[in-house]
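Engineer: dropping the sequence and predicted coords here.
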Amino acid sequence: MGMTIAEKILARQSGREMVRPGDLVVAEVETCVLLDTHFNRHAGWRWPTRLHDPDKVVLVADHIVMSANPEAAIGLRTMRQAARHYGIRRVHDAGANQGISHQVIADMGYALPGTVLANPDSHTVSAGAFNCVARGLGRPELLQILCTGKTWYLVAPTVRYELIGELPEGVTAKDAFLYLAGRWGSHENQSIEFGGPAQAGLSLNARRTLSTMCAEVSAEFATWGPDDRLLAHMRATTDRPFFPTHPDADAQYVEVRTIDLSKLEPYVSGIDGVIHNTSPLADFQDKVRLDQCVVGSCANGTLDDLAAVAQVVQGRQVAPWVRFIVTPGSQAIYREAARLGLLSTIAQSGALVTVAACGACAAQDFGTLAPDEVCLTSTTRNYKGRMGAAQAKIHMASPATVAASAITGYITHPRDLPAIDLAMGAVQ
């Protein structure tokens, strides 16, 4: 019997010929990412005397990069001191190469195919789009990695999603995830593997959106197979060795499920979670009045997402009662979006373009919701209290849907916006 992608990678990294669901393995970790939040003096974090391999460690400022208070500033200073003390060279502090950790991992080619990546953040499954196994880990496991270069995993059974068809115009990977979460619900103690003929037509950004969001259905890993698009990206971003890993033809899955992308439509989640709690946008159309709209996060702060927002808002104005926050995933994306004129278009609509940070997604630094406010977001998570007050209501949708809704002030399908004559600047 063959192995899935995750099983083959865990077998290789643990020096075993084969692993099966239920096996406990001790695997070599190729990349260990630590975040600014680790260095807050109340975080309970203690550094080892020495690191197993500083060249396998990455430090990223993303949650508190804005230094909203003295304690945050002290934490960031401690991170910088640790980098100098241990000789950690891959440091993404405030400045040109900073960003949300999962986007930085994508930009810099840190997620190496066929290897293991660790990060304390729950959306670490994002890196599975690059044909590696990655998930969020706790402080004891991260300390073990720093000291020994290894950690343990319990091998989970895998659900395979076979993707066919092509996404219709106006439908995105975020909509595909919301459909998946609404139909199949939780994947607790299971890994997810994506593949199928539709993979070739999905950008790496789209694949990463799907992988990132799998944290919201409690997946252990969310992997994709390697193809020409991925390999070209890796060759352009890293000179470190990697090991493209395909599933075996006779790999064993809990279930193989097919999603026909061509039959999907825009989806919106209900409040307080996405599991069995999503519906076609038509069920919400013009029924939900919004106070805040947010596009960004590690799931939807890509250049593709900013381009979609700019296309929707060009020549239009955000509703006067709506705060529309747009957050690029990294400073590299910010610069490219500025060069292309996307940020200018977005800002002219009345949206607020922010620094690349977790920000509103995690109620850090900006975008915190007051009691009873309603938000439509394309970020990662919408459980009660996620973005501020527990009494706030958070719905989730794609960046295009969020942008269209910011214009009308109600949950709105982009195709239902009045046409704009850009030459005349008039609404038709």
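Structural biologist: Structure's in. What do you need?
Engineer: could you use CA atoms for every contact and neighbour count after this?
Structural biologist: Noted.
Engineer: how about the helices in this protein?
Structural biologist: Secondary structure of the chain by DSSP state H: the helices cover 5-13, 70-86, 101-108, 139-148, 173-184, 204-213, 228-237, 297-300, 303-313, 331-339, 342-348, 399-408.
Engineer: now the ones you listed in a markdown table, with mean pLDDT and mean neighbour count?
Structural biologist: Putting the helices of the chain into a markdown table (pLDDT from 0 to 100; neighbours: other CA atoms under 10 Å) gives the following:
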| stretch | mean pLDDT | mean neighbour count |
| --- | --- | --- |
| helix 5-13 | 98 | 25 |
| helix 70-86 | 87 | 17 |
| helix 101-108 | 95 | 23 |
| helix 139-148 | 93 | 18 |
| helix 173-184 | 98 | 23 |
| helix 204-213 | 97 | 25 |
| helix 228-237 | 97 | 15 |
| helix 297-300 | 90 | 30 |
| helix 303-313 | 97 | 21 |
| helix 331-339 | 96 | 18 |
| helix 342-348 | 98 | 20 |
| helix 399-408 | 97 | 29 |
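Engineer: out of these, nearest to residue 389?
Structural biologist: Nearest to residue 389, of all those, is helix 297-300, at 19.3 Å by CA to CA.
Engineer: CA atoms only: put that closest one into PDB for me.
Structural biologist: Coordinates of the C-alpha atoms in helix 297-300 are reproduced here as PDB (Å, rounded to 0.1, in the frame of the first residue of the first chain):
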ATOM      1  CA  SER A 297      -4.300  38.500   6.200                       C
ATOM      2  CA  CYS A 298      -2.100  35.500   5.400                       C
ATOM      3  CA  ALA A 299      -5.000  34.100   3.400                       C
ATOM      4  CA  ASN A 300      -6.000  37.000   1.200                       C
END
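Engineer: from the chain's centre, how far out does it sit?
Structural biologist: 4 Å (CA atoms, centre = their mean, to the nearest Å).
Engineer: could you do stretch 281-291 as well?
Structural biologist: Taking mean C-alpha positions (CA atoms, centre = their mean), stretch 281-291 and its chain are 25 Å apart.
Engineer: list the contacts of that stretch.
Structural biologist: 265-268, 321-323, 373-376, 405-406, 409-413 (CA atoms under 8 Å, 6 or more residues apart in numbering).
Engineer: now the buried members of those residues.
Structural biologist: Neighbour counting by 16 or more other CA atoms under 10 Å classes 265-268, 322-323, 373-376, 405-406, 409-413 among the contacts of stretch 281-291 as buried.
Engineer: those residues in strands, which ones?
Structural biologist: 267, 268, 323, 374, 375, 376 (DSSP state E).
Engineer: now the two most distant members of these.
Structural biologist: 267 and 323 (21.7 Å).
Engineer: pull out the buried positions in stretch 287-299.
Structural biologist: In stretch 287-299, counting by 16+ other CA under 10 Å, buried: 288, 289, 290, 291, 292, 293, 294, 295, 296, 297, 298, 299.
Engineer: among these, which ones are in strands?
Structural biologist: Using DSSP E, these in strands are 292, 293, 294, 295.
Engineer: any chance of these in TSV, with pLDDT and distance to residue 101 too?
Structural biologist: Shown next, in TSV, are those (pLDDT from 0 to 100; distance: CA to CA, whole Å):
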residue	pLDDT	distance to residue 101
292	96	25
293	97	23
294	96	19
295	96	17
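Engineer: could you dump these to a markdown table with distance to residue 54?
Structural biologist: A markdown table is the format used below for these (distance: CA to CA, whole Å):
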| residue | distance to residue 54 |
| --- | --- |
| 292 | 42 |
| 293 | 40 |
| 294 | 36 |
| 295 | 34 |
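Engineer: which of the residues you listed sits closest to residue 166?
Structural biologist: For those, the nearest to residue 166 is residue 295 (23.7 Å; CA to CA).
Engineer: the closest one is in contact with residue 302, isn't it?
Structural biologist: No - if you go by CA atoms under 8 Å, residue 295 and residue 302 don't touch, sitting 9.9 Å apart.
Engineer: what does stretch 96-112 rub up against?
Structural biologist: 30-31, 33, 35, 60-63, 92, 117, 123-124, 126-127, 130-132, 233-234, 237-238, 240-243, 297-298, 302, 329-332, 356-358.
Engineer: in strands, which of these appear?
Structural biologist: Per DSSP E, the contacts of stretch 96-112 map to strands at 31, 33, 35, 60, 92, 117.
Engineer: any stretches of the stretch 301-428 of the chain with poor pLDDT?
Structural biologist: Residue ranges of the stretch 301-428 of the chain with pLDDT under 70: 421-428.
Engineer: so where's the stretch 151-300 of the chain shaky on pLDDT?
Structural biologist: Checking the stretch 151-300 of the chain against pLDDT under 70 turns up nothing.
Engineer: 90 - rerun?
Structural biologist: Applying pLDDT under 90 to the stretch 151-300 of the chain flags residues 286, 297-298.
Engineer: in stretch 11-28, which residues are buried?
Structural biologist: Here stretch 11-28 shows 11, 12, 13, 14, 18, 19, 20, 25, 26, 27, 28 as buried, counting by 16+ other CA under 10 Å.
Engineer: rebuild the ones in strands among the contacts of stretch 96-112 as CSV, extending it with pLDDT, neighbour count and distance to residue 85.
Structural biologist: Listed next are those as CSV, based on pLDDT from 0 to 100; neighbours: other CA atoms under 10 Å; distance: CA to CA, whole Å:
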residue, pLDDT, neighbour count, distance to residue 85
31, 98, 24, 19
33, 96, 23, 17
35, 90, 22, 17
60, 94, 26, 16
92, 95, 21, 16
117, 98, 26, 23
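Engineer: now for the residues you listed, which pair is the farthest apart?
Structural biologist: 92 and 117 (16.9 Å).
Engineer: state the distance from the residue nearest to residue 342 when sequence neighbours are not counted to residue 210.
Structural biologist: Of all residues not flanking residue 342 in the chain, residue 310 sits nearest, at 5.7 Å (CA to CA, 6 or more residues apart in numbering). Distance, residue 310 to residue 210, using CA to CA, to the nearest Å: 22 Å.
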